[in-house]
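Undergrad: Sequence first, predicted coordinates after that:
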Amino acid sequence: MFNIESKVIQWARDRGIFDKSDSKTQCLKTVSEVGELADAVAKGECVKDHIGDAGVTLINLAHMHGTTLEECLGVAFAEIENRTGRMVNGTFVKD
């Protein structure tokens, strides 16, 4: 994961994303990419590129906040690791 994150960060740096934008604009870009992902899911299209695009924006956003996507995933997983719940109409509902 570190290797691809490093490549994405360098790509963003080379294009001035860190110098010419901020975390608010990068967050809005993430929302836009997730919207495209939702559209692809709704249409039954391949989602790999859309998930990847959202991932790129999240890597950039994490970098802007002095962290990594991997670290953020670790924090989130530690939060849910022992969570229990049940599936209701296709959605996991925590206890």
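TA: Yes, it's here.

Undergrad: Where does Glu45 sit: helix, strand or coil?
TA: When classified by DSSP: H, G, I helix; E, B strand; the rest coil, Glu45 comes out as coil.

Undergrad: where does it fall, phi/psi-wise?
TA: When read as degrees, to the nearest 10, the backbone of Glu45 gives phi -90, psi 170.

Undergrad: Let me know how buried it is, in neighbour terms.
TA: Glu45: 12 surrounding residues under other C-beta atoms under 10 Å. In short, each C-beta sits where N, CA and C put it, glycine included.

Undergrad: what do you get for Ala40?
TA: Per other C-beta under 10 Å, the neighbour tally for Ala40 reads 16.

Undergrad: can you give me the strands in this structure?
TA: Along the chain, counting by DSSP state E, strands occupy 85-88, 91-94.

Undergrad: and the first one, how far from the chain's centre?
TA: Using C-alpha atoms, centre = their mean, to the nearest Å, we find the averaged C-alpha position of strand 85-88 to lie 24 Å away from the chain's own average C-alpha position.

Undergrad: Repeat that for stretch 53-63.
TA: Counting by C-alpha atoms, centre = their mean, stretch 53-63 comes out at 6 Å from the chain centroid.

Undergrad: average model confidence for that stretch?
TA: What stretch 53-63 shows for mean pLDDT is 98.
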